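Asks: Sequence first, predicted model second:
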There are 2 protein chains.
Amino acid sequence: MDKKVTIYDIAKTLEITAATVSRALNNNPKISAKTRELVLETAKKMNYKQNRLAQALKSGKSNIVGVIIPKINRTFFATIIKAIEDELYPHGYHVIICQTDDRIEREIDNIDTLLKAQVDGILISISNAMEDASELQRVIDKKVPLIFFDRKKELKGISSVTIDDFKGGYIATEHLINSGCKQIVHITCDRSLDIYKDRCEGYKKALSDYKIPFRKEYVIEVKNTIDAGKEAVKKLKKSDTFPDAIFSASDYVALGVIQELKHKGYKIPEEVSVVGFSNEPFTSLMELSITSVDQSPKKMGKIAAQVFLEQVSSSSELKIEKKIVLTPKLHIRKSSLKMK
Amino acid sequence: MDKKVTIYDIAKTLEITAATVSRALNNNPKISAKTRELVLETAKKMNYKQNRLAQALKSGKSNIVGVIIPKINRTFFATIIKAIEDELYPHGYHVIICQTDDRIEREIDNIDTLLKAQVDGILISISNAMEDASELQRVIDKKVPLIFFDRKKELKGISSVTIDDFKGGYIATEHLINSGCKQIVHITCDRSLDIYKDRCEGYKKALSDYKIPFRKEYVIEVKNTIDAGKEAVKKLKKSDTFPDAIFSASDYVALGVIQELKHKGYKIPEEVSVVGFSNEPFTSLMELSITSVDQSPKKMGKIAAQVFLEQVSSSSELKIEKKIVLTPKLHIRKSSLKMK
DNA sequence: TTGTAAGCGTTATCAC
DNA sequence: GTGATAACGCTTACAA
């Protein structure tokens, strides 16, 4: 019925000018109470909706932030997105989701599209594939607030919210050591990503701190899938010494590990303890619940959003570079809980 | 470094007009190959990015669609979103996520904001709370394509993609009957939502088709949580006849049911069979995997997106009303798989 | 083939 | 207080 009601239509109806209508709508003090009311009333009556596009074009603010993640259908990322949206929504911001599927072309393309869409900021968890930072540099050059979460690149002046993956790897390993395990295998994923490299380093440090010799063949790099976990166990079975604990940098891999261990008749945790990473929902829901390192996705998203808000509200040009590192928390469950 | 490069800047550099630049950028045929190349080249050199806002304002097309869901951190919805995004991305559309948290105010507000943002369409799974459709009517009045998925309202002329919840309830119940169960309890959730009402109706129909008397006290309505499932079992325990099967309209409730049944010492599925609904990832990952009805979220999202694309491409005013109903699929797992 | 100019819906800066 | 007008960056008849 109503095609496109603009402030001009309201102005015409009221025999005033569009400028006055605009003022009324924006609570401009320079306007009489009467006209304001009148305008608001007829605006409602005519089912008028502001055109944010026009507003955005005029003001240079779109009230949209772009969030770039590898895949949205992972609990970890979905939880972060939810936290970001929840935090930004009351401030009038809307969130555009972009998935990279861990492919560099899509990542570049996404950044590009977001810039074209004049977003007020970009929150990004970089893909496995991101190598150089030239595309990111463009964002910075354009002075569009950029914030890393979870997976970051080291860039000067850019804020980030991550967890201490090193510590995560450390506490997981330490817990296994304290449970009496001596032969601790670490299954890692793509170590070109800092998160996996750091977890691995944490593992090594814990071993060294507790005087447990590091064995190179006890670090296995696999894909982040359940099947890869099963395969890893099969491979280990062929080696000379079977471990008494497995610390996986991924919950999915840990699940595969557990399934295969059971299949082979090992008792968990009596013979082999298992620890995962991410605290995916299923780890706590399982009958044999899985010990895992929590990454506080909710907190991470919330803080990332807050850092963004700070950045846009700091009127001046002062660059605030915040590197926020959250502390991971170990959730000890049955898969590593030895009764003594 | 570069503030805001516009087509005027390019025009000035090349000593031509903005119009020509625009044409070159948009592959307008009325332009010489030379100028086009020249323009594209310098555009790249100057790191020019189109301003979609201005384009959108001019053309009336924002290339953004809004997706409204209760909560994004549920696998079901996250999967749908992923499918929608994957389908729409190649067509140049971007997706704005809006969460209602099942609250009517946020739902109305979200619709409002999306309309103000001039989205090209709205895909919505309505909240528990949505009662009248007046806000939706506004969307329709504005001729903004509107598509329901999963949870819908009956509105003339509006397309929807849902699953056959009635059938879902039916096949789940039928499966239990065929497994030899006679005393089948149905635990449902908020039946003001069609999805739950329909599943319940399917349950009743299956009972009647197989000549199993319907017992009113065998239908329990609870909240959609794990704890509610536990409570339900406790309540049943007090009643005179304990069931030999429980069909829950929610996987989470089913999980709670299973946990409590085990706790009370019941053998699953020998003594009590359990079936859930949604095919949440954890149902298959559990040691005691849970039989569940799959709702094809991926397909649902993909089709919803396709319906939207059809709707915007059908140039004319012809209203296409598509009511697409997907067939649910029962995944039979250990929680109801009786060996005979 | 290219230039000119109007307009998309707002808002801000002037005047009055 | 209110009105007129320019401007945000782009597209597109209409001219040339």
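Replies: That came in fine, so what should we check first?

Asks: Do me a favour and average the pLDDT over stretch A:178-187.
Replies: pLDDT averaged over stretch A:178-187 equals 97, rounded to a whole number.

Asks: That should have said stretch A:237-252, apologies.
Replies: Rounded mean pLDDT across stretch A:237-252 is 93.

Asks: What is the end-to-end distance of it?
Replies: Terminal residues of stretch A:237-252 lie 20 Å apart, using Cα to Cα, to the nearest Å.

Asks: What of stretch A:138-158?
Replies: First-to-last distance for stretch A:138-158 - Cα to Cα - comes to 13 Å.

Asks: So what touches that stretch?
Replies: Here stretch A:138-158 makes contact (Cβ atoms under 8 Å, 6 or more residues apart in numbering or on different chains) with A:76, A:80, A:111, A:115, A:119-127, A:130, A:133, A:136, A:159-163, A:193-195, A:295, A:300-301, A:304, A:307-308, A:311-312, A:319, A:321, B:1-2, B:47, B:49. (Glycine included, C-beta is placed from N, CA and C.)

Asks: now, which of those lie within helices?
Replies: Mapping the contacts of stretch A:138-158 onto helices (DSSP state H) picks out A:76, A:80, A:111, A:115, A:136, A:194-195, A:300-301, A:304, A:307-308, A:311-312.

Asks: Buried ones among the contacts of stretch A:138-158?
Replies: A:76, A:80, A:111, A:115, A:119-127, A:130, A:136, A:159-163, A:193-195, A:295, A:300-301, A:304, A:307-308, A:311, B:49 (16 or more other Cβ atoms under 10 Å in any protein chain shown).

Asks: what are the ranges of the helices in chain A?
Replies: A:7-14, A:18-25, A:33-45, A:52-59, A:75-88, A:104-116, A:134-141, A:165-178, A:194-209, A:226-238, A:251-263, A:281-285, A:297-313.

Asks: Could you confirm whether the first one reaches DNA strand C?
Replies: In other words, helix A:7-14. Yes - Helix A:7-14 reaches DNA strand C (Cβ under 7 Å from any atom of the strand) through A:7-8.

Asks: Does residue A:290 touch residue A:253 like I think?
Replies: No - judged on Cβ atoms under 8 Å, residue A:290 makes no contact with residue A:253 at a distance of 11.0 Å.

Asks: Compare those two (neighbour count), which wins?
Replies: Ranked by neighbour count (other Cβ atoms under 10 Å in any protein chain shown), residue A:290 and residue A:253 place residue A:253 first, with 29 against 26.

Asks: got a list of what that one touches?
Replies: So residue A:253 contacts A:187, A:189, A:222, A:224-226, A:228-229, A:232, A:276 (Cβ under 8 Å, 6+ apart).

Asks: show me where pLDDT drops low in chain A?
Replies: Scanning chain A for pLDDT under 70 picks out A:1-3, A:129, A:315-318, A:340.

Asks: Tell me the buried residues in stretch A:5-19?
Replies: Quick answer for stretch A:5-19 (16+ other Cβ under 10 Å): A:5-7, A:9-11, A:13-14.

Asks: How about stretch A:21-34?
Replies: Under 16+ other Cβ under 10 Å, the buried positions of stretch A:21-34 are A:21-25, A:31.

Asks: show me which of those residues neighbour DNA strand D.
Replies: Restricting the buried residues of stretch A:21-34 to those near DNA strand D - Cβ under 7 Å from any atom of the strand - leaves A:23, A:31.

Asks: Now flag whichever of the buried residues of stretch A:21-34 is closest to residue B:96.
Replies: The closest of the buried residues of stretch A:21-34 to residue B:96 turns out to be residue A:25 (Cβ to Cβ; 23.0 Å).

Asks: contacting residues around the closest one?
Replies: So residue A:25 contacts A:7, A:39-40, A:43, A:50 (Cβ under 8 Å, 6+ apart).

Asks: Who are the contact partners of residue A:296?
Replies: Contacts of residue A:296 (Cβ under 8 Å, 6+ apart): A:163, A:326, A:328-329.

Asks: Of those, select the buried ones using a PyMOL command.
Replies: Buried residues among these (16+ other Cβ under 10 Å), as a PyMOL selection:
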select buried, chain A and resi 163+326+328
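
Asks: I'd like the contacts of residue A:296 laid out as TSV, including distance to DNA strand D.
Replies: Converted to TSV, these look like this (distance: Cβ to the nearest atom of the strand, whole Å):
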residue	distance to DNA strand D
A:163	39
A:326	38
A:328	44
A:329	46
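
Asks: Could you dump the contacts of residue A:296 into TSV and include distance to residue B:176?
Replies: Listed next are the contacts of residue A:296 as TSV, based on distance: Cβ to Cβ, whole Å:
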residue	distance to residue B:176
A:163	44
A:326	46
A:328	43
A:329	41
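
Asks: ok, the contacts of residue A:296 vs residue B:181, which is closest?
Replies: Using Cβ to Cβ, the contacts of residue A:296 come closest to residue B:181 at residue A:329, 42.5 Å.

Asks: thought that closest one was touching residue A:291?
Replies: No - with contacts counted by Cβ under 8 Å, residue A:329 stays clear of residue A:291, the gap being 11.5 Å.

Asks: any idea how far residue A:147 is from residue A:65?
Replies: In this structure, residue A:65 and residue A:147 are 9 Å apart, going by Cβ to Cβ, to the nearest Å.

Asks: Can you check which residues contact both of the two?
Replies: With Cβ under 8 Å, 6+ apart, residue A:65 and residue A:147 have common neighbours A:121-123, A:308.

Asks: residues from the stretch 151-300 of chain A in reach of chain B?
Replies: A:255, A:281-282, A:285-288 (Cβ under 8 Å from any Cβ of the partner chain).

Asks: Can you lay out those residues as TSV showing neighbour count?
Replies: Output for these, formatted as TSV (neighbours: other Cβ atoms under 10 Å in any protein chain shown):
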residue	neighbour count
A:255	24
A:281	18
A:282	22
A:285	19
A:286	19
A:287	11
A:288	14
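
Asks: Name the nearest of the contacts of residue A:253 relative to residue A:249.
Replies: Distances from residue A:249 to the contacts of residue A:253, taken by Cβ to Cβ, are shortest for residue A:189, at 5.6 Å.

Asks: wait, doesn't the closest one sit right on residue A:219?
Replies: No - at 11.5 Å, residue A:189 does not count as touching residue A:219 under the criterion of Cβ under 8 Å.

Asks: picking up where we left off before, now the buried residues of stretch A:5-19 as CSV including distance to DNA strand D?
Replies: Compiled in CSV, those are given as follows (distance: Cβ to the nearest atom of the strand, whole Å):
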residue, distance to DNA strand D
A:5, 18
A:6, 12
A:7, 10
A:9, 14
A:10, 11
A:11, 7
A:13, 12
A:14, 8
